[in-house]
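Peer 1: coordinates only, no sequence provided:
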């Protein structure tokens with residue numbers, strides 16, 4: 001990290017920093033020096049439209065992000081109470097932890113952009129610093145959520161394909177190790193960003209203070225690492241996880257319908273042949289039916305989670321492809337206004353998905369519902385009302 005104390009040092013070592021505006025949302029059109037370095041912004045959004053869209057999306061996204069933080073905090077607390085003897089509890093808890101972290105990072109990004117937008121005097125450049133302290137991590141953690149969802153969907157597919165062997169294939173210890181491997185392969189590469197960019201202290205002569213900023217490292221190795229990270233970790237891995245979730249969800253829906261129709265036909269045939277009182281084996285078949293119905297509810301819950309993920313992640317996939325295919329569709333291209341607004345709108349899908357999951361658990365899992373009411377303290381009130389009644 002370099003500490004630059006004079007304006008001469010800035011213009012000599014990092015000339016572009018001396019030309020940057022304090023408010024990046026002005027997009028540099030009114031600054032003649034940097035306008036010669038960046039292409040003129042154009043597209044379907046004017047300055048006024050951009051500001052209106054940004055302010056609306058900012059408040060909407062922050063409201064949704066707050067809901068995601070509260071919802072996933074409750075999910076984590078409930079699963080801790082339930083314990084981790086079931087492999088599904090481990091994977092669903094890992095998903096909630098990632099959704100919670102995403103919401104926190106999203107809030108941090110909003111705060112930094114808001115400080116920059118209003119030119120609040122803080123000792124760091126919010127819009128630039130947030131890229132290394134929240135933006136890059138948020139992008140890679142989204143891929144982690146995608147792969148955890150893919151693992152959960154794949155696990156349910158194994159339960160249908162190999163119902164007698166799944167207990168040996170999917171164990172709590174194996175699920176925990178799988179979560180660690182997914183995090184290491186998808187989130188830890190976010191630290192490669194610090195090879196391509198670094199923090200510097202830059203003296204601002206207008207404010208008469210030094211502020212923390214970021215600059216790119218223009219070495220061949222750093223540029224190569226960035227390209228690999230964008231293509232492999234930023235595009236290929238998320239799209240692969242999305243494909244796995246999509247395929248597994250379709251298989252689950254098809255198999256779920258087959259199992260339901262088969263169970264209905266078998267149950268109807270048994271009722272016609274024998275009465276439950278006359279056959280002692282009827283009780284065991286009823287127990288099996290109850291177990292299968294429990295498994296069916298879990299599969300339905302996974303299908304619901306995967307479906308919400310697919311719907312919310314489709315726009316992200318489209319933007320990832322556009323970012324790679326179109327050179328001008330990025331933060332420094334001619335369509336940067338559209339890129340910023342599109343990125344904010346698309347990023348809403350993640351906190352929305354994280355907020356809705358608690359409703360799915362509450363609706364489809366009786367144990368989760370019971371622990372939830374006990375956790376928020378309303379279960380005792382219900383018991384008192386029942387006793388008084």
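Peer 2: Received, thanks. From a predicted model like this one, the values you see are computed outputs, not experimental measurements.
Peer 1: can you pull out the strands in the stretch 151-300 of the chain?
Peer 2: Ranges of strands within the stretch 151-300 of the chain are 197-204, 209-216, based on DSSP state E, counting those that start in this stretch.
Peer 1: got the contact list for the closest residue to residue 156 other than its chain neighbours?
Peer 2: Excluding its sequence neighbours, the residue lying closest to residue 156 (Cβ to Cβ, 6 or more residues apart in numbering) is residue 302, at 4.6 Å. The way it works is simple: take the backbone N, C-alpha and C, and place the C-beta from them, glycine included. Neighbouring residues of residue 302 by Cβ atoms under 8 Å, 6 or more residues apart in numbering: 152, 153, 156, 252.
Peer 1: ok, now how distant is residue 95 from residue 250?
Peer 2: 20 Å (Cβ to Cβ, to the nearest Å).
Peer 1: next: residue 221.
Peer 2: From residue 221 to residue 250 the distance is 42 Å (Cβ to Cβ).
Peer 1: swap in residue 240?
Peer 2: The value you get for residue 240 to residue 250, if Cβ to Cβ is used, is 16 Å.
Peer 1: check residue 71 too.
Peer 2: Distance from residue 71 to residue 250, by Cβ to Cβ: 27 Å.
Peer 1: the two - which one has more neighbours?
Peer 2: residue 71 (22 against 13; other Cβ atoms under 10 Å).
Peer 1: give the buried residues for the helix or strand harbouring the more buried one.
Peer 2: In the assignment (DSSP states H and E), residue 71 maps to helix 47-82. By neighbour count with 16 or more other Cβ atoms under 10 Å, helix 47-82 contains the buried residues 50, 53-54, 57, 61-62, 64-65, 67-69, 71-72, 74-76, 78-79, 82.
Peer 1: what sits closest to residue 176 if chain neighbours are left out?
Peer 2: Counting by Cβ to Cβ, 6+ apart, the residue nearest residue 176 is residue 90, at 5.5 Å.
Peer 1: does the one you found really touch residue 83, like I thought?
Peer 2: No. Using Cβ atoms under 8 Å, residue 90 makes no contact with residue 83, being 10.0 Å away.
Peer 1: and those two? Which one has more around it.
Peer 2: Per other Cβ under 10 Å, whichever of residue 90 and residue 83 has more neighbours is residue 90, with 22 against 10.
Peer 1: give me the phi and psi for the most centrally placed residue in the chain.
Peer 2: In the chain, the C-alpha nearest the mean C-alpha coordinate belongs to residue 142, at 3.9 Å (Cα atoms, centre = their mean). Dihedral pair for residue 142: phi -60, psi -40, per degrees, to the nearest 10.
Peer 1: that one: what's it in contact with?
Peer 2: 102, 238, 316, 350.
Peer 1: can you redo those as CSV with pLDDT and neighbour count?
Peer 2: Below are those laid out as CSV (pLDDT from 0 to 100; neighbours: other Cβ atoms under 10 Å):
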residue, pLDDT, neighbour count
102, 90, 25
238, 86, 23
316, 76, 21
350, 79, 27
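Peer 1: quick one: which of these is nearest to residue 167?
Peer 2: Checking the contacts of residue 142 against residue 167 by Cβ to Cβ gives residue 238 as the nearest, at 31.0 Å.
Peer 1: skipping adjacent residues, who's closest to the closest one in space?
Peer 2: Here the residue nearest residue 238, using Cβ to Cβ, 6+ apart, is residue 143, at 4.6 Å.
Peer 1: check residue 53 too.
Peer 2: residue 341 (4.9 Å).
Peer 1: and for that neighbour, the neighbour number?
Peer 2: Count around residue 341 with other Cβ under 10 Å applied: 19.
Peer 1: could you report the pLDDT at it?
Peer 2: On pLDDT, residue 341 comes in at 71.
Peer 1: list the buried ones in the helix or strand hosting it?
Peer 2: Taking DSSP H and E as the definition, one finds residue 341 inside helix 336-347. By 16+ other Cβ under 10 Å, the buried positions in helix 336-347 come out as 336, 337, 338, 339, 340, 341, 342, 343, 344, 346, 347.
Peer 1: in CSV, list these along with distance to residue 182.
Peer 2: Shown next, in CSV, are these (distance: Cβ to Cβ, whole Å):
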residue, distance to residue 182
336, 33
337, 35
338, 33
339, 29
340, 30
341, 31
342, 27
343, 24
344, 27
346, 22
347, 21
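Peer 1: of these, which is the nearest to residue 127?
Peer 2: residue 340 (10.0 Å).
Peer 1: quick one: contacts for the nearest residue to residue 202 once chain neighbours are set aside?
Peer 2: Spatial nearest neighbour of residue 202, chain neighbours left out: residue 213 (4.7 Å); criterion: Cβ to Cβ, 6+ apart. Residue 213 makes contacts with 17, 124, 125, 128, 129, 199, 200, 201, 202, as judged by Cβ under 8 Å, 6+ apart.
Peer 1: alright, that wraps it up for me.
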